[in-house]
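Enquirer: next one to model:
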Amino acid sequence: MFRINIYLSVLVFIKSIFFSYSLKKDKLSKDILKNSSKKKHVLFTSLCRVSFMLILMFLKKKFPKKNEIIMTAYNLPEMINVARNLKYKIVFCDIDYNTGFINLKDIKKKINKNTITILLTNMFNNYKAAEKIKKICSARKVFLIEDNAIYFDNFSKIDSKKINSGYLGDFTIYSFNIMKNISALYGGAVATNNREFYEYAKNKIKYFKSFPSFLILKQSIIFFILKMLSNKFLYKMFFFKIIKISHLNKINFFLKLFYPSLRFKKISFPKYYFSNMSNFSKNLVYYQLANVKIRRNNYERRRWKNIYYNKKLKKIRSKNFQVLKIDDINYQNFIDFPILTNNNIKLNEYLLRCGIETRLYYYNNCEKIFLQQSKNCKNSELFEKKLICLPNHNKITKKYIDFIVKKISLFYS
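Expert: Residues are numbered from 1 along each chain as shown. Purely as a prediction, here's the structure:
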(Lines give C-alpha, C1' and ligand atoms only; values in the text may rest on other atoms or scores of the structure.)
Protein backbone atom coordinates (compact mmCIF):
# COMPACT_ATOMS: atom_id res chain seq x y z
CA MET A 1 0.00 0.00 0.00
CA PHE A 2 1.02 3.59 -0.70
CA ARG A 3 2.94 4.94 2.32
CA ILE A 4 1.37 8.38 2.08
CA ASN A 5 -2.21 9.58 1.85
CA ILE A 6 -3.34 12.81 0.20
CA TYR A 7 -6.21 13.91 2.42
CA LEU A 8 -7.35 16.56 -0.03
CA SER A 9 -10.13 15.10 -2.21
CA VAL A 10 -10.60 15.70 -5.93
CA LEU A 11 -14.15 16.93 -5.18
CA VAL A 12 -12.87 19.64 -2.82
CA PHE A 13 -10.19 20.57 -5.36
CA ILE A 14 -12.84 21.08 -8.10
CA LYS A 15 -15.21 22.95 -5.76
CA SER A 16 -12.39 25.32 -4.83
CA ILE A 17 -11.85 26.17 -8.49
CA PHE A 18 -15.48 26.85 -9.38
CA PHE A 19 -16.72 28.52 -6.18
CA SER A 20 -15.21 31.86 -5.22
CA TYR A 21 -13.63 32.58 -1.86
CA SER A 22 -15.68 34.99 0.23
CA LEU A 23 -15.35 37.06 3.39
CA LYS A 24 -17.83 34.68 5.06
CA LYS A 25 -15.61 31.67 4.28
CA ASP A 26 -12.56 33.60 5.48
CA LYS A 27 -14.26 34.40 8.81
CA LEU A 28 -15.47 30.82 9.33
CA SER A 29 -12.02 29.33 8.60
CA LYS A 30 -10.30 31.75 10.96
CA ASP A 31 -12.94 31.19 13.65
CA ILE A 32 -12.22 27.43 13.57
CA LEU A 33 -8.48 28.10 14.00
CA LYS A 34 -9.16 30.67 16.74
CA ASN A 35 -11.41 28.25 18.60
CA SER A 36 -8.91 25.40 18.26
CA SER A 37 -5.94 27.46 19.53
CA LYS A 38 -7.94 29.73 21.89
CA LYS A 39 -6.44 32.77 20.18
CA LYS A 40 -8.02 36.10 19.21
CA HIS A 41 -6.22 36.71 15.91
CA VAL A 42 -5.45 34.54 12.86
CA LEU A 43 -3.63 35.39 9.64
CA PHE A 44 -3.21 33.18 6.58
CA THR A 45 0.26 33.02 5.03
CA SER A 46 1.72 31.35 1.95
CA LEU A 47 3.71 28.82 4.03
CA CYS A 48 4.21 27.74 7.65
CA ARG A 49 7.80 29.00 7.25
CA VAL A 50 6.46 32.44 6.26
CA SER A 51 4.40 32.55 9.49
CA PHE A 52 7.61 31.77 11.39
CA MET A 53 9.52 34.40 9.40
CA LEU A 54 6.95 37.13 10.21
CA ILE A 55 7.07 36.31 13.94
CA LEU A 56 10.88 36.49 14.01
CA MET A 57 10.88 39.76 12.03
CA PHE A 58 8.44 41.26 14.55
CA LEU A 59 10.44 40.09 17.58
CA LYS A 60 13.68 41.42 16.09
CA LYS A 61 12.10 44.83 15.59
CA LYS A 62 10.40 44.87 19.01
CA PHE A 63 13.33 43.48 21.04
CA PRO A 64 16.54 44.27 19.10
CA LYS A 65 18.84 43.43 22.05
CA LYS A 66 17.55 39.85 22.37
CA ASN A 67 18.86 37.70 19.57
CA GLU A 68 18.86 34.04 20.63
CA ILE A 69 16.32 31.42 19.65
CA ILE A 70 16.18 27.92 21.14
CA MET A 71 15.19 25.10 18.78
CA THR A 72 15.53 21.33 18.74
CA ALA A 73 18.45 20.15 16.63
CA TYR A 74 16.25 17.34 15.28
CA ASN A 75 14.15 19.52 13.03
CA LEU A 76 13.20 20.57 9.52
CA PRO A 77 16.27 22.39 8.11
CA GLU A 78 14.08 24.94 6.30
CA MET A 79 12.80 26.21 9.66
CA ILE A 80 16.33 26.67 11.00
CA ASN A 81 17.23 28.44 7.77
CA VAL A 82 14.54 31.06 8.40
CA ALA A 83 16.15 32.03 11.74
CA ARG A 84 19.62 31.92 10.15
CA ASN A 85 18.57 34.29 7.35
CA LEU A 86 17.27 36.77 9.92
CA LYS A 87 20.66 36.72 11.71
CA TYR A 88 19.43 35.06 14.90
CA LYS A 89 21.85 33.12 17.04
CA ILE A 90 20.44 29.59 16.97
CA VAL A 91 20.86 27.62 20.20
CA PHE A 92 20.25 23.92 19.58
CA CYS A 93 18.70 21.68 22.22
CA ASP A 94 18.81 17.93 22.09
CA ILE A 95 15.82 15.57 22.34
CA ASP A 96 15.02 12.79 24.78
CA TYR A 97 16.00 9.47 23.23
CA ASN A 98 13.02 7.54 24.65
CA THR A 99 10.30 10.03 23.68
CA GLY A 100 11.68 12.25 20.89
CA PHE A 101 10.56 15.31 22.90
CA ILE A 102 12.81 18.33 23.46
CA ASN A 103 15.11 17.85 26.46
CA LEU A 104 13.81 20.03 29.33
CA LYS A 105 17.13 20.03 31.22
CA ASP A 106 18.85 21.24 28.06
CA ILE A 107 16.38 24.14 27.78
CA LYS A 108 16.95 25.21 31.40
CA LYS A 109 20.69 25.10 30.84
CA LYS A 110 20.64 27.17 27.64
CA ILE A 111 17.95 29.77 28.25
CA ASN A 112 19.42 33.16 29.24
CA LYS A 113 18.82 36.92 29.19
CA ASN A 114 19.42 37.03 25.41
CA THR A 115 16.79 34.35 24.62
CA ILE A 116 13.82 35.91 22.86
CA THR A 117 11.85 32.76 21.94
CA ILE A 118 11.69 28.98 22.01
CA LEU A 119 10.35 27.11 19.00
CA LEU A 120 8.38 24.10 20.26
CA THR A 121 8.11 21.69 17.34
CA ASN A 122 5.12 19.43 17.94
CA MET A 123 6.54 16.15 16.73
CA PHE A 124 6.48 13.37 19.35
CA ASN A 125 5.14 15.50 22.19
CA ASN A 126 2.85 15.09 25.14
CA TYR A 127 0.88 18.01 26.54
CA LYS A 128 2.18 17.89 30.12
CA ALA A 129 5.82 18.12 28.99
CA ALA A 130 4.91 20.98 26.62
CA GLU A 131 3.17 22.73 29.52
CA LYS A 132 6.44 22.65 31.49
CA ILE A 133 8.15 24.53 28.64
CA LYS A 134 5.35 27.10 28.69
CA LYS A 135 5.95 27.64 32.43
CA ILE A 136 9.69 28.08 31.83
CA CYS A 137 8.93 30.65 29.10
CA SER A 138 6.47 32.55 31.30
CA ALA A 139 8.91 32.65 34.23
CA ARG A 140 11.79 33.89 32.03
CA LYS A 141 9.64 36.25 29.91
CA VAL A 142 10.46 34.35 26.74
CA PHE A 143 7.97 33.90 23.88
CA LEU A 144 6.82 30.39 22.95
CA ILE A 145 6.24 29.63 19.27
CA GLU A 146 4.30 26.40 18.83
CA ASP A 147 4.90 24.68 15.48
CA ASN A 148 1.63 22.83 14.91
CA ALA A 149 2.35 21.79 11.31
CA ILE A 150 1.69 18.06 11.83
CA TYR A 151 -0.43 18.22 15.00
CA PHE A 152 -3.64 19.89 13.88
CA ASP A 153 -6.75 18.40 15.59
CA ASN A 154 -4.63 16.63 18.23
CA PHE A 155 -5.72 17.21 21.80
CA SER A 156 -5.17 16.28 25.42
CA LYS A 157 -7.71 15.79 28.21
CA ILE A 158 -6.79 17.55 31.43
CA ASP A 159 -9.36 17.11 34.23
CA SER A 160 -11.96 16.06 31.61
CA LYS A 161 -11.29 19.29 29.71
CA LYS A 162 -10.24 18.98 26.06
CA ILE A 163 -7.19 21.10 25.18
CA ASN A 164 -6.12 21.24 21.53
CA SER A 165 -2.53 21.34 20.35
CA GLY A 166 -1.59 24.94 19.56
CA TYR A 167 -3.13 26.22 22.79
CA LEU A 168 0.15 26.82 24.66
CA GLY A 169 2.04 29.00 22.20
CA ASP A 170 2.15 32.78 22.31
CA PHE A 171 2.23 32.22 18.57
CA THR A 172 0.93 29.04 16.93
CA ILE A 173 1.89 28.30 13.34
CA TYR A 174 0.16 25.90 10.95
CA SER A 175 1.03 24.24 7.66
CA PHE A 176 -1.45 23.35 4.91
CA ASN A 177 1.08 21.79 2.56
CA ILE A 178 0.17 18.95 0.20
CA MET A 179 0.97 16.11 2.67
CA LYS A 180 -0.85 17.57 5.69
CA ASN A 181 -4.25 16.40 6.95
CA ILE A 182 -5.60 19.85 6.00
CA SER A 183 -4.04 20.30 2.57
CA ALA A 184 -4.12 23.47 0.47
CA LEU A 185 -1.16 22.53 -1.78
CA TYR A 186 0.59 25.63 -0.39
CA GLY A 187 -0.37 27.61 2.68
CA GLY A 188 0.03 28.31 6.34
CA ALA A 189 -1.41 30.35 9.18
CA VAL A 190 -0.44 32.00 12.45
CA ALA A 191 -2.69 32.37 15.51
CA THR A 192 -1.92 34.68 18.43
CA ASN A 193 -3.32 36.89 21.18
CA ASN A 194 -0.61 39.46 20.50
CA ARG A 195 -2.49 42.37 18.89
CA GLU A 196 0.69 44.30 18.14
CA PHE A 197 2.15 41.38 16.15
CA TYR A 198 -1.17 40.86 14.35
CA GLU A 199 -1.21 44.49 13.14
CA TYR A 200 2.49 44.30 12.21
CA ALA A 201 2.10 41.09 10.19
CA LYS A 202 -1.16 42.22 8.56
CA ASN A 203 0.56 45.39 7.40
CA LYS A 204 3.56 43.42 6.11
CA ILE A 205 1.61 40.92 4.03
CA LYS A 206 -0.52 43.73 2.61
CA TYR A 207 2.47 44.57 0.42
CA PHE A 208 3.28 40.95 -0.49
CA LYS A 209 2.70 39.88 -4.07
CA SER A 210 0.20 37.30 -5.32
CA PHE A 211 1.31 33.71 -4.90
CA PRO A 212 3.06 32.49 -8.11
CA SER A 213 0.55 30.72 -10.37
CA PHE A 214 3.19 28.36 -11.77
CA LEU A 215 3.85 26.95 -8.27
CA ILE A 216 0.13 26.31 -7.74
CA LEU A 217 -0.02 24.65 -11.18
CA LYS A 218 3.05 22.52 -10.44
CA GLN A 219 1.67 21.40 -7.06
CA SER A 220 -1.73 20.68 -8.64
CA ILE A 221 -0.08 18.38 -11.19
CA ILE A 222 1.79 16.61 -8.37
CA PHE A 223 -1.52 16.29 -6.48
CA PHE A 224 -3.25 14.55 -9.41
CA ILE A 225 -0.25 12.31 -10.11
CA LEU A 226 -0.16 11.20 -6.45
CA LYS A 227 -3.91 10.65 -6.42
CA MET A 228 -3.61 8.52 -9.55
CA LEU A 229 -0.64 6.53 -8.22
CA SER A 230 -2.46 5.86 -4.95
CA ASN A 231 -4.67 3.50 -6.95
CA LYS A 232 -3.68 0.04 -5.72
CA PHE A 233 -3.11 -1.43 -9.18
CA LEU A 234 -1.02 1.49 -10.51
CA TYR A 235 0.96 1.73 -7.28
CA LYS A 236 1.79 -1.97 -7.25
CA MET A 237 2.59 -2.25 -10.96
CA PHE A 238 4.43 1.02 -11.45
CA PHE A 239 5.23 3.40 -8.60
CA PHE A 240 6.27 0.93 -5.90
CA LYS A 241 8.80 -0.63 -8.27
CA ILE A 242 10.45 2.77 -8.85
CA ILE A 243 10.56 3.40 -5.08
CA LYS A 244 12.03 -0.03 -4.42
CA ILE A 245 14.70 0.21 -7.14
CA SER A 246 15.61 3.76 -6.04
CA HIS A 247 16.21 2.68 -2.44
CA LEU A 248 17.99 -0.59 -3.21
CA ASN A 249 20.29 1.03 -5.78
CA LYS A 250 20.51 4.43 -4.04
CA ILE A 251 19.35 6.42 -7.07
CA ASN A 252 19.57 9.95 -5.65
CA PHE A 253 17.57 11.59 -8.44
CA PHE A 254 14.41 9.69 -7.46
CA LEU A 255 15.11 9.68 -3.72
CA LYS A 256 15.24 13.49 -3.78
CA LEU A 257 11.84 13.51 -5.50
CA PHE A 258 10.35 11.26 -2.81
CA TYR A 259 12.09 13.11 0.06
CA PRO A 260 12.31 16.89 -0.62
CA SER A 261 14.38 17.32 2.58
CA LEU A 262 17.30 15.61 0.78
CA ARG A 263 17.41 18.61 -1.58
CA PHE A 264 17.85 21.18 1.19
CA LYS A 265 20.43 23.94 0.69
CA LYS A 266 21.29 26.91 2.88
CA ILE A 267 19.91 29.75 0.76
CA SER A 268 18.46 33.23 1.29
CA PHE A 269 14.67 33.66 1.26
CA PRO A 270 13.08 32.69 -2.07
CA LYS A 271 10.91 35.42 -3.63
CA TYR A 272 7.70 33.41 -3.18
CA TYR A 273 8.11 33.69 0.63
CA PHE A 274 7.02 37.30 0.20
CA SER A 275 3.70 36.40 -1.38
CA ASN A 276 0.18 35.95 -0.05
CA MET A 277 -1.72 32.70 0.24
CA SER A 278 -3.92 32.33 -2.84
CA ASN A 279 -7.71 32.43 -2.58
CA PHE A 280 -7.75 29.00 -4.22
CA SER A 281 -5.66 27.60 -1.33
CA LYS A 282 -7.83 29.41 1.22
CA ASN A 283 -10.89 27.82 -0.38
CA LEU A 284 -9.29 24.37 -0.05
CA VAL A 285 -8.63 25.03 3.65
CA TYR A 286 -12.18 26.27 4.23
CA TYR A 287 -13.92 23.20 2.77
CA GLN A 288 -11.72 20.84 4.79
CA LEU A 289 -11.89 22.77 8.08
CA ALA A 290 -15.68 23.10 7.79
CA ASN A 291 -16.14 19.34 7.36
CA VAL A 292 -15.77 18.42 11.03
CA LYS A 293 -17.14 14.89 10.51
CA ILE A 294 -14.38 13.91 8.06
CA ARG A 295 -11.69 15.60 10.19
CA ARG A 296 -12.77 13.70 13.30
CA ASN A 297 -13.06 10.45 11.36
CA ASN A 298 -9.53 10.86 9.95
CA TYR A 299 -8.22 11.61 13.44
CA GLU A 300 -9.91 8.64 15.10
CA ARG A 301 -8.78 6.18 12.43
CA ARG A 302 -5.15 7.21 12.65
CA ARG A 303 -5.35 7.28 16.44
CA TRP A 304 -6.52 3.67 16.85
CA LYS A 305 -3.92 2.51 14.31
CA ASN A 306 -1.22 4.16 16.41
CA ILE A 307 -2.57 2.32 19.45
CA TYR A 308 -2.63 -0.96 17.53
CA TYR A 309 0.92 -0.47 16.16
CA ASN A 310 2.16 0.36 19.65
CA LYS A 311 0.54 -2.70 21.23
CA LYS A 312 1.87 -5.10 18.57
CA LEU A 313 5.39 -3.68 18.19
CA LYS A 314 6.04 -3.61 21.95
CA LYS A 315 6.03 -7.42 21.86
CA ILE A 316 9.18 -7.48 19.71
CA ARG A 317 12.15 -8.13 21.97
CA SER A 318 15.42 -6.94 20.48
CA LYS A 319 18.23 -4.68 21.69
CA ASN A 320 18.34 -3.28 18.12
CA PHE A 321 14.72 -2.13 18.12
CA GLN A 322 12.68 0.35 20.16
CA VAL A 323 9.21 1.90 20.15
CA LEU A 324 9.03 5.49 21.41
CA LYS A 325 7.42 6.00 24.81
CA ILE A 326 3.91 7.41 24.37
CA ASP A 327 2.42 9.15 27.43
CA ASP A 328 -0.69 10.58 25.76
CA ILE A 329 -2.06 8.70 22.76
CA ASN A 330 -4.39 11.60 21.82
CA TYR A 331 -1.53 14.09 21.61
CA GLN A 332 0.68 12.37 19.06
CA ASN A 333 1.97 12.59 15.50
CA PHE A 334 -0.43 10.43 13.49
CA ILE A 335 1.03 10.97 10.00
CA ASP A 336 3.41 7.99 10.44
CA PHE A 337 4.26 5.56 13.24
CA PRO A 338 7.93 6.04 14.28
CA ILE A 339 10.29 3.32 15.49
CA LEU A 340 14.02 3.35 16.29
CA THR A 341 16.30 0.66 14.91
CA ASN A 342 20.07 0.19 14.81
CA ASN A 343 19.86 -0.83 11.16
CA ASN A 344 17.09 1.25 9.56
CA ILE A 345 18.56 1.04 6.04
CA LYS A 346 18.70 -2.77 6.16
CA LEU A 347 15.23 -2.95 7.69
CA ASN A 348 13.89 -0.60 5.01
CA GLU A 349 15.44 -2.71 2.23
CA TYR A 350 14.04 -5.89 3.76
CA LEU A 351 10.54 -4.41 4.05
CA LEU A 352 10.68 -3.13 0.46
CA ARG A 353 11.45 -6.68 -0.67
CA CYS A 354 8.36 -7.75 1.28
CA GLY A 355 6.27 -5.15 -0.59
CA ILE A 356 6.14 -2.62 2.28
CA GLU A 357 7.04 1.05 1.80
CA THR A 358 8.23 2.99 4.85
CA ARG A 359 9.48 6.52 5.42
CA LEU A 360 13.24 6.22 5.78
CA TYR A 361 14.06 9.94 6.00
CA TYR A 362 12.25 12.12 8.54
CA TYR A 363 13.88 15.24 10.06
CA ASN A 364 17.61 16.02 10.24
CA ASN A 365 20.16 16.73 12.93
CA CYS A 366 20.40 20.44 12.11
CA GLU A 367 23.32 20.99 14.48
CA LYS A 368 25.42 19.03 12.00
CA ILE A 369 24.06 20.96 9.00
CA PHE A 370 24.37 24.48 10.41
CA LEU A 371 27.29 24.17 12.83
CA GLN A 372 29.19 21.41 10.99
CA GLN A 373 29.30 19.36 14.19
CA SER A 374 27.19 16.89 16.14
CA LYS A 375 28.94 17.01 19.50
CA ASN A 376 26.19 18.29 21.77
CA CYS A 377 22.95 16.90 20.33
CA LYS A 378 23.82 13.22 20.26
CA ASN A 379 20.23 11.96 20.43
CA SER A 380 19.28 14.13 17.44
CA GLU A 381 22.09 12.46 15.51
CA LEU A 382 20.87 9.02 16.62
CA PHE A 383 17.30 9.82 15.55
CA GLU A 384 18.51 10.87 12.11
CA LYS A 385 20.34 7.56 11.75
CA LYS A 386 17.86 5.25 13.48
CA LEU A 387 14.32 6.53 12.92
CA ILE A 388 12.09 4.82 10.39
CA CYS A 389 8.35 5.46 10.06
CA LEU A 390 5.59 2.97 9.27
CA PRO A 391 2.52 3.96 7.23
CA ASN A 392 -0.58 5.19 9.07
CA HIS A 393 -3.56 6.60 7.20
CA ASN A 394 -7.16 5.84 6.23
CA LYS A 395 -6.35 3.08 3.76
CA ILE A 396 -4.02 1.17 6.09
CA THR A 397 -5.95 -1.80 7.48
CA LYS A 398 -5.53 -3.81 10.65
CA LYS A 399 -4.60 -6.79 8.48
CA TYR A 400 -1.87 -4.79 6.77
CA ILE A 401 -0.46 -3.61 10.13
CA ASP A 402 -0.37 -7.28 11.25
CA PHE A 403 1.55 -8.10 8.05
CA ILE A 404 4.07 -5.26 8.66
CA VAL A 405 4.60 -6.22 12.32
CA LYS A 406 5.04 -9.89 11.38
CA LYS A 407 7.75 -9.02 8.85
CA ILE A 408 9.57 -6.72 11.33
CA SER A 409 9.41 -9.47 13.93
CA LEU A 410 10.90 -11.97 11.46
CA PHE A 411 13.66 -9.49 10.59
CA TYR A 412 14.71 -9.22 14.24
CA SER A 413 14.42 -12.91 14.94
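
Enquirer: quick one: the helices in the stretch 301-413 of the chain?
Expert: Under the criterion DSSP state H, counting those that start in this stretch, helices of the stretch 301-413 of the chain are mapped to 344-353, 366-371, 378-386, 398-412.

Enquirer: tell me which residues in the second one are buried?
Expert: Spelled out, it's helix 366-371. Within helix 366-371, the residues that count as buried by 16 or more other CB atoms under 10 Å are 366-370. The C-beta positions use only the backbone N, C-alpha and C, and glycine is treated the same way.

Enquirer: then the third one?
Expert: Going by neighbour count (16+ other CB under 10 Å), the buried part of helix 378-386 is 379-384, 386.

Enquirer: can you put those residues in TSV and add distance to residue 233?
Expert: Listed next are the buried residues of helix 378-386 as TSV, based on distance: CB to CB, whole Å:
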residue	distance to residue 233
379	42
380	40
381	41
382	39
383	36
384	35
386	34
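
Enquirer: of these, which is the nearest to residue 89?
Expert: Distance to residue 89, by CB to CB, is smallest for residue 380 among the buried residues of helix 378-386, at 18.3 Å.

Enquirer: look at the closest one and report its pLDDT.
Expert: If you check residue 380, the pLDDT there is 94.

Enquirer: again, but for residue 145
Expert: Listed pLDDT for residue 145 reads 97.

Enquirer: for residue 174, give me its contacts.
Expert: By CB atoms under 8 Å, 6 or more residues apart in numbering, residue 174 lies in contact with 33, 48, 51, 148-149, 152, 166, 182, 188-191.

Enquirer: quick check, nearest of the residues you listed to residue 342?
Expert: So of the contacts of residue 174, ranked by how close each gets to residue 342 (CB to CB), first place is residue 149, at 28.8 Å.

Enquirer: now the closest one, nearest residue through space, not along the chain?
Expert: residue 175 (3.7 Å; CB to CB, 6 or more residues apart in numbering).

Enquirer: over to residue 50?
Expert: Distance criterion CB to CB, 6+ apart; nearest residue to residue 50, sequence neighbours excluded, is residue 273 at 5.4 Å.

Enquirer: the one you found and residue 61: what is the separation?
Expert: 18 Å (CB to CB, to the nearest Å).

Enquirer: likewise for residue 243?
Expert: 46 Å.

Enquirer: and those two? Which one has more around it.
Expert: residue 243 (17 against 9; other CB atoms under 10 Å).

Enquirer: skipping its backbone neighbours, what lies nearest residue 205 in space?
Expert: Among residues not flanking residue 205 along the chain, residue 276 sits closest, at 5.8 Å (CB to CB, 6+ apart).

Enquirer: before we move on, the earlier item: roughly how far apart are the residue nearest to residue 149 and residue 37?
Expert: Distance, residue 175 to residue 37, using CB to CB: 14 Å.

Enquirer: and if you look at residue 87?
Expert: For residue 87 relative to residue 37 (CB to CB), the value is 29 Å.

Enquirer: how about the strands in the protein?
Expert: Shown for the chain, the strands assigned by DSSP state E span residues 41-45, 68-72, 74-75, 89-93, 115-121, 143-147, 155-158, 161-164, 171-175, 188-192, 321-323, 336-341, 364-365, 387-391.

Enquirer: got those strands as JSON lines, with distance to residue 215 columns?
Expert: Conversion of the strands of the chain to JSON lines gives the following (distance: least, CB to CB, whole Å):
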{"stretch": "strand 41-45", "distance to residue 215": "14"}
{"stretch": "strand 68-72", "distance to residue 215": "27"}
{"stretch": "strand 74-75", "distance to residue 215": "24"}
{"stretch": "strand 89-93", "distance to residue 215": "28"}
{"stretch": "strand 115-121", "distance to residue 215": "25"}
{"stretch": "strand 143-147", "distance to residue 215": "22"}
{"stretch": "strand 155-158", "distance to residue 215": "33"}
{"stretch": "strand 161-164", "distance to residue 215": "30"}
{"stretch": "strand 171-175", "distance to residue 215": "15"}
{"stretch": "strand 188-192", "distance to residue 215": "14"}
{"stretch": "strand 321-323", "distance to residue 215": "38"}
{"stretch": "strand 336-341", "distance to residue 215": "26"}
{"stretch": "strand 364-365", "distance to residue 215": "24"}
{"stretch": "strand 387-391", "distance to residue 215": "27"}
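
Enquirer: gap between the two ends of stretch 81-96?
Expert: 23 Å (CA to CA, to the nearest Å).

Enquirer: about what we covered before: of the helices of the stretch 301-413 of the chain, which approaches residue 122 most closely?
Expert: helix 378-386 (15.7 Å).

Enquirer: orientation of the closest one relative to strand 68-72 in degrees?
Expert: 40 degrees (axes from the mean of the first three to the mean of the last three CA atoms, to 10 degrees).

Enquirer: which secondary structure elements does helix 378-386 contact?
Expert: Packing partners of helix 378-386 (3 or more CB pairs under 8 Å, 6 or more residues apart in numbering; DSSP states H and E): strand 74-75, strand 336-341, strand 364-365, helix 366-371.

Enquirer: compare the ones you listed and report which one is nearest to residue 41.
Expert: Of all those, strand 74-75 sits nearest to residue 41, with 26.1 Å by CB to CB.

Enquirer: what residues does that closest one touch?
Expert: Residues contacting strand 74-75 (CB under 8 Å, 6+ apart): 94-95, 100, 121, 123, 363-366, 377, 379-380, 383-384.

Enquirer: repeat that for stretch 255-264.
Expert: With contacts defined as CB under 8 Å, 6+ apart, stretch 255-264 is touched by 76-78, 81, 243, 246-247, 252, 360-361, 363-364, 369.

Enquirer: looking at the strands of the chain, which is nearest to residue 409?
Expert: When those are compared by CB to CB, strand 321-323 sits nearest residue 409, at 9.4 Å.

Enquirer: direction included, what does that closest one pair against?
Expert: Strand 321-323 has its sheet partners listed here by DSSP bridges as strand 336-341 (antiparallel).

Enquirer: and the angle from the partner strand to helix 398-412?
Expert: Counting by the same axes, to 10 degrees, strand 336-341 lies at 10 degrees to helix 398-412.

Enquirer: return the distance of strand 336-341 from the chain's centre.
Expert: 15 Å (CA atoms, centre = their mean, to the nearest Å).
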